[in-house]
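>>> Next come a sequence and a model predicted from it.
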2 protein chains.
Amino acid sequence: MKRHAAIAATIASLAFVTGAGAETLMGFDTEASDQQRALEIEFSKSLSASDQLAWMRKLSARPHHVGSAHGKLNAEYIASLFREWGYAVEMEVYDILLPVPKLRKLAMIAPEAFTASLTERTLEEDPSTAVRESLLPPYNAFSVDGKVEGDLVFVNYGVPEDYELLARYGIDVAGKIVIAKYGGSWRGIKPKVAAEHGAIGCLIYSDPADDGYARGDVYPDGAFKHETGVQRGAVMDLPLRAGDVLTPFEGADKRARRLDLEEVETLTRIPVLPISWADALPLLRAMGGPVTPQGWRGALPITYHLGPGPARVRLEVRFDWQRVPAYDVIATLEGALYPDQWIVRGNHHDAWNHGAADPISGLVALLSEAKAIALLARRGERPSRTLVFAAWDAEEPGLIGSTEWAEDHRKVLDTRAVAYINTDGNSRGFISARGSHTLEKFVNEVLRDVTDPQTGESVAKRRKARMLAGPDEDQRKDAKEREDLHLAPLGSGSDYTPFLQHLGIASTNIGFGGEGPGGSYHTLYDTFDHYTRFRDPGLAYGVALADVTGRITLRLANAPVVPFEFKAFAESMSKYVEELKKLSQEMREETERQNRMIEDGTYALALDPTKPPGPPEPKSRVPHFNFAPLDNAVGELERSADAYDEARSRAESMDAQTLEKFNRLLYTSERLLTREEGLPGRPWYRHYIYAPGFYTGYGVKTIPGVREAIEEREYGEVEGQIEIAAEVLERFAGRIDEIVSLIPPETEPPETEE
Amino acid sequence: MKRHAAIAATIASLAFVTGAGAETLMGFDTEASDQQRALEIEFSKSLSASDQLAWMRKLSARPHHVGSAHGKLNAEYIASLFREWGYAVEMEVYDILLPVPKLRKLAMIAPEAFTASLTERTLEEDPSTAVRESLLPPYNAFSVDGKVEGDLVFVNYGVPEDYELLARYGIDVAGKIVIAKYGGSWRGIKPKVAAEHGAIGCLIYSDPADDGYARGDVYPDGAFKHETGVQRGAVMDLPLRAGDVLTPFEGADKRARRLDLEEVETLTRIPVLPISWADALPLLRAMGGPVTPQGWRGALPITYHLGPGPARVRLEVRFDWQRVPAYDVIATLEGALYPDQWIVRGNHHDAWNHGAADPISGLVALLSEAKAIALLARRGERPSRTLVFAAWDAEEPGLIGSTEWAEDHRKVLDTRAVAYINTDGNSRGFISARGSHTLEKFVNEVLRDVTDPQTGESVAKRRKARMLAGPDEDQRKDAKEREDLHLAPLGSGSDYTPFLQHLGIASTNIGFGGEGPGGSYHTLYDTFDHYTRFRDPGLAYGVALADVTGRITLRLANAPVVPFEFKAFAESMSKYVEELKKLSQEMREETERQNRMIEDGTYALALDPTKPPGPPEPKSRVPHFNFAPLDNAVGELERSADAYDEARSRAESMDAQTLEKFNRLLYTSERLLTREEGLPGRPWYRHYIYAPGFYTGYGVKTIPGVREAIEEREYGEVEGQIEIAAEVLERFAGRIDEIVSLIPPETEPPETEE
C-alpha cells in the first residue's frame, strides 16, 4: 500500500525519469528505483532452491505428456500451488489432436535381416527409468500413418544443402527411405525436405557424434545419450503454423470449427520414426554406395556410405489420432494500478517423459517467482500491472497449449499484453537472453543486477567473459565495445511463438546453459537424477533463473513508464539490412564463381573423374536488388529512436491519463511489426522482423520476407518484400514519433556551461 | 652428335636467349628450344607403364628393408637394369646402424589385463600379406631399449601445444606413459616432446579418424587402414640431423670414425612402440580422468579420456643394435658437353615392407626416365651435363643412404651438383612440386608441358583448377593472379634433405596425389595389389611422374644457360619476412590478450569452475623486433633479381668460357644460403632459408633461425638471427650481382619510341 501511494505520488509530482544514469532503473524515478531495488532484494531472498527441488521431484516423478493421467495431476497440483499463494486460477482446457502410436515397426530385410528394438533400456542406476506408466514410446508426433519399403539413403542432417550435395553424387531419394541424423535443423524439417525430394519414409537417429559418447561419458556414467536413447518430438510443419493442427487461428475449445484430418497441411507427407543409434548402426553398416563426404560422418565405428541400399528396410507406423484435453494453468494477480496492462510469464508443464530438464527445470523457476511475488503482495507490495502466470500444456507436440490460449484470447491480449516472458528447460552456466530488441536495454539492466551463483559476479558479466574468452571475433568485439548484450532474435521452439510471431507481443526467452550439456533431451533419461547430477546440482541456476525472470516480470509490472527502448531496435534493423545486402552480394559472387567454374571446365579438372561428387548444377544469376526503401526506413527509424531517447527524460511533465495512453502506445508498438495477412505462404506467422526459418525450423530468420526470398532464389519476390518490410519499419517509426509527440517539449532551453 | 654440334654452334654464335617468351625454353635459344622439345617428345613416348608395372611387381614382391636379403637383391637388380641401359654403375656400400626388434611387449595390468598382439593380420584377398620373409615387425627405429611401467596419459598428437593444454587440465606426464595419435607432426616429435615433459614411455597408434574407417573403406574393401595395421617408422631426432646416427657429418664407410651408442644424441630418450587401433582400443577404453577436448578425440566408439590411468601398462622393447650394409645404386651418364656439371636424380629403394607405394612407385618412375634417356643417348642424344641416377638404400630409418653418400661426396657435389631432383612414393591426382625457389620458374615451365593422364590438360592447369575450386582463399587468389605455381618450401621427410639442407644444392621434390589416399603407409598392406587397385591403377601417374621429373632432368642437363631465376626467390623471401612480422605481431597481441584475461579474471568467469580446463599460464610479453635488416636485404635481393631478369636476355654475347663460369656461379648460388656453422643448436642443418621444424619434424620452417626463435619465445635470439639471415640474403644478392656483371652491357641504347 505504502508503495502504491509512493508511485502515485511520483506520477503526480511528475518527477520520474526513464532510465538514464546508473542509479535509476529504466522507467522509474530515483525514489521509485530505490523502492523497486529494495523490493527485488526481498524478492530474491525468498527464492528457494529447496522449494524448486521438491517441486521438481514431484513433477518429474512420472512421465506426464499432454492427455496423460499424470499430466492432468501435475496441472492440478500447479493450480493448487497458485491458489494457495493467492492467485486467481483458471484451468483453461482445450480439446486438441494428439496422435499417439498404435504400431511402430522397423526391419531391415536386405542384405541381412534385422529388427529394430525401438525401446529404451531401463537403468538400474536411475530408478526413474523403470517408471513407465503413461510413457509414450519413441515416436514423432504428426507423422502420417504409413507402411513403406525401400532402399536407404543417408542424407546427413536432411537439410536442403544436403540434397544439393547428394545430387552431385548422382543420388536421388525418390522412392527411397532416408535416414537422417538428428541435429543441424529442427527435426520437422527432415521429413518435410525428404518428402519434397520424393522420399517415401524418414528415419531420424541420434548419432553419438552429436550427443553421445563422442561428446562425453554416457548416462548413467555421464550426461550423454547412451545407445538406446531416442529423442522423441513433433514433426508437424511448425514453420507453417503452430498449435492444434485441427483449429488454425482459433482456440481449440469445444465449439471450435475443426478441419478434417485430410485437410490438415501441417502433417508430414511421409511416415517418420526416430530411432536410437543402437538401432541405426546395423542399417548404416549394411549400406553401400559412395562413402559420405567427410563432414557428414558421425562417430559410429564404421565407414558411412550414402546408399541407396543395399540396406533395404520396411517401416510401418500407425497412430491413434485421438483428441485429448490440454490443461493450461492460468494464474492471475491483478495489478494494483493498471489492471488492464498484463505481464504474461509462461513455461510449459507437459513433457514427453519425466521431463526434469524439459520443462520442469524452467517451470520450478516460474513457480518460485510466483510464490515470492505472492509473498510480497501479501505484504502489501502488489505489483502495479496485472501478472499472468501460465503453465502451458501440450507444448511438446507443437506449442499447442500456449497457441490455443493466445488464439482464444487474441483480442484481449492485443490491447492488454505488455510483454511475454518465457522460459523452458534450464541448465547451468551462462545466461542466454533472446527476444524483441525493444526490450534489449531493459533486459540488460536486469542481467547486470542478478548474481551468478558460481562466481558472485553478475550474470551479464559472466556471459561477457565467455564471449571475450571465446573464439568468435564478432562476439569478442561486441563484448568489448558494447555495454549491452545483444538480445538474439527469436525463431521458434518454445511458447513465445504465438505471442511474438502471431500476435506481435514483445517477448523474451531466458535460460542458462553451456555447463550442463547432455543427451537426455526428449528421452527416457530426462530424469530428476540426471538433472540434479549433471545439469544443475542443487538447482542453484534454477534460483538464478527465477531471479532474472522474476525481476524482469516485477520491473515490467511496476515501472511507471514501460521500459521499452528503440535505439537497440534501430541498431539491429540496420545490422539485419546490412546482412541482407551481404547475403545477396555473397550469393551473387559465389553463384558467378561456381557457374564460371562449371562452364570453363575448372570443376571437370579439379574433381576426381573416377568417382563422385561431380560438379554442381549451374544456378540462376543473382540480380542486384534495390535496398533503398529499407535503408530509408532504417534512417527514419534511427531518427525516431534518437528523438525518443532524447525526449524520454522529459516524460516527467505528462499527466496520469496521457501516461496511460503513452504506455499503451509504447507496449503495443510491437504489434506494428506484424501484418494481418502474415508472411508469404504462411499467414499464421505475422511478424515481419522475426520468424522461424521455413527450412531451419527453430532457427530464426530476421526480416524473413526478404531474407527467405533471397535464400530460396525467388528473385521476383525480393523487391516487393523489401518494400513491405520498409513500410512495416516506417509504420513503426511513425508510432515512435507519435509516442514522442505526447512528451511535452522542453520549456526552458538548457544552459550552456563554458 | 648432331644435337651437340647444334648446341655448340649456338653457343659459338652467342645467339641463345634465356627463357623469355612462350616459344623458347628457359636457358635455350629458339632453335635449341625446338630441338629440346622434340627430344622431350621422344622421351615421353618411350615411357612405359607396363615397364613400371613389371618393375613394381618384382621390386615389391617381398619386404626389402635395408640390411635384408631382398633389399640387397633389389639393389642388385636395379644396378643390373642401369648397366643394361648403358650407365656406369657403382654400388656404394655404407656400414650403418640399424636397430631391429628383439623383443616387443605391451600389456595393460590395470584396471584389467590385456596383452597387445602387436601383429598385422594376413588377408586372404591379398596374397602378398602372407609373404613375410624379411618383414620387420611393427616398431619405431631408434627408440632406446627400455622396460617401463606407468599410468597412461592421452596426449592427442603429442606436439608442444598439446602439453600446454594438458597443463590446463592439471595433467603432468612425468613418470607416465603417453599414448599419442599418429599425425599432426612427424612421428619422431612425439617421443621427443614426451620425454622433454618427463614421460617414461611412448605409444603411438593410428586412430581410425586419421587413416582408418572414418576416412573410407578399409583394406581390402578400400584403401584405408584396418584395425591391425601399424605404421612403422624412424623416431630418431631427425630435425637435429639425418643419416647414420654413428657417423654424423661423415660418410659411413668402413674407415669412418664412429660414435659410441651412448654418445648418440639423436636416439629417443624413452622407449617407443607403434601399435594398431585394435591394440589401442582396450587401453583407451580403460582410461579415466577428464574427457579430452573435442578436437582431440579420434573415431573410436568410446569417450576419450586424458587419464592419467587407471589404465596402467607395461612396455618393454629391446633391439639388436646391428650394423648393416646399405646399398646405394649410383648410375652415371657422363655429360657430352659439361661432364663436371651434375644433375642428380634420386629415389630410395628400401622399404619397411613390400613398399609398393613407398618407395617403389617413385622408383619405377625414375627407372622409366633412366631407360628412356639411355635410349636417347644411344641414338646420339646424350645430355650435355652428367646425369647421376641414385637409388638410395636406408631412407626409411633416417634418410641414411642419401645422407651418407652426400656426406661422403660433399666436396665434389659442392662444385659439381647443379640440382637434386627427388621423388618418393607416388599416387594419383594432382602434381605437387616443392623445392628451391630458384627453380620455381623453371619447374613451372615443365609442369605446363606435361599432360595429365586423366584429363588431357597440363598437370599445371589441373593443379590450378584444384586450387580454384578449393576452399582456401589464398590458394584461389594465387591460382587466379599468378601464372606460376609456388614451389612450396621443403622441410624434410625424404632424400632431398642432405642435398638441400646440408649441402645447399638447389632441390625439388615431385609427386602426384590427392586422388589415391589410404592408410597403407609403412604397414604390411603397402602391396602391389593395394597400390594398383587404389592408388594408381595402371600406373598412369607413374608415367606422368617420369614425364615431369625426366623433363626436368633432361632440360636441366641440356640448357645452355642453367635455368635458375631469382624473382620468384625474392618474392618468396619478401613473403616469408612478412610472415615473420605477422607471426610476432599476432603472438604479441594474443599473448597480451590472454595475459589480460588471466589478470582481470575474465578466464575465471568464462570457464566452468567445477571442472578443467583452467586458465592458461601467463606468457612472457613479446617485444617488438627490428626487422629492418631483413627488409633491407629483401630490397637488395629484389633489385638484384630484377637486374638479372633484365640482363639475362643479353647473355647471348658471352663466350663459352665465361658461360661456364657464369653457369657455375648460377648453380652454386644456393650454397650461399647455407652457413658452415649451421643453424643454432643443429649444425648439420646449414640452410638458412629452409629447415624441418625442430618441433614439427617434416613440416618446414622458412628462415628458421628467426622463425623458431620467435615461436619458441627465445626473444633474446631473434634480432641476432635476423641479422644473420639478412647477411645470408645480402651475400646471395651479391652473388646475383656478380652473375649479372658477367653479362655484357647493352651495346646500343634502346631507341625510344614516341
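Perfect, thanks for sending it. Residues are numbered from 1 along each chain as shown, chains lettered A, B, ... in the order given.

>>> which residues make contact with the host helix or strand of A:Tyr420 from outside it?
Per DSSP states H and E, A:Tyr420 falls inside strand A:417-422. Outside strand A:417-422, the residues within contact range by C-beta atoms under 8 Å, 6 or more residues apart in numbering or on different chains are A:341-347, A:385, A:436, A:439, A:494-496, A:499-500, A:503, A:505-510, A:549, A:552-553, A:556, A:562, A:667. Yep, even glycine has a C-beta here, placed from its N, CA and C like the rest.

>>> Just give the closest residue to A:Arg682, not the sequence neighbours.
A:Leu240 (5.1 Å; C-beta to C-beta, 6 or more residues apart in numbering or on different chains).

>>> Secondary structure class of the one you found, three-state.
Classification of A:Leu240 by DSSP: H, G, I helix; E, B strand; the rest coil places it in coil.

>>> Distance check, A:Ala113 against A:Ala107.
To A:Ala107, A:Ala113 is 7 Å away according to C-beta to C-beta, to the nearest Å.

>>> Please say which of those two ends up with more neighbours.
Using other C-beta atoms under 10 Å in any protein chain shown, the more surrounded residue of A:Ala113 and A:Ala107 is A:Ala107, with 15 against 9.

>>> and the more buried one, what pLDDT?
With respect to pLDDT, A:Ala107 has a value of 98.

>>> any idea whether it is helix, strand or coil?
Classified using three-state DSSP, A:Ala107 is strand.

>>> I figured it hits A:Leu118, correct?
No. Using C-beta atoms under 8 Å, A:Ala107 and A:Leu118 do not qualify as a contacting pair, with a distance of 10.5 Å.

>>> buried stuff in stretch A:660-673?
By neighbour count on 16 or more other C-beta atoms under 10 Å in any protein chain shown, the buried set for stretch A:660-673 is A:660, A:662-673.

>>> Pull the residues that contact it.
In contact with stretch A:660-673 (C-beta under 8 Å, 6+ apart) are residues A:338, A:341, A:414-415, A:417-419, A:436, A:438, A:500, A:503-506, A:561-562, A:564, A:651, A:654, A:687-689, A:728, A:731-732, A:735-736, A:738-739, A:742-743.

>>> what about 7 Å?
A:341, A:414, A:418-419, A:436, A:438, A:504-506, A:561-562, A:564, A:654, A:687-689, A:728, A:731-732, A:735, A:738-739, A:742 (C-beta atoms under 7 Å, 6 or more residues apart in numbering or on different chains).

>>> for the record, mean pLDDT for that stretch?
Rounded mean pLDDT across stretch A:660-673 is 96.

>>> Straight-line length of it, end to end?
21 Å (C-alpha to C-alpha, to the nearest Å).

>>> ok now it, how far from the chain's centre?
Taking C-alpha atoms, centre = their mean, to the nearest Å, one finds the center of stretch A:660-673 at 24 Å from the center of the full chain.

>>> got the residues of the stretch 451-600 of chain A near chain B?
Counting by C-beta under 7 Å from any C-beta of the partner chain, the residues of the stretch 451-600 of chain A close to chain B are A:Gln454, A:Thr455, A:Glu457, A:Lys461, A:Arg462, A:Ala465, A:Arg466, A:Leu468, A:Ala469, A:Glu515, A:Met597.

>>> What does the pLDDT read for the first one?
What that stands for is A:Gln454. 97.

>>> Nearest spatial neighbour of it, chain-adjacent residues omitted?
In space, A:Gln454 is closest to B:Pro609, 5.1 Å off (C-beta to C-beta, 6+ apart).
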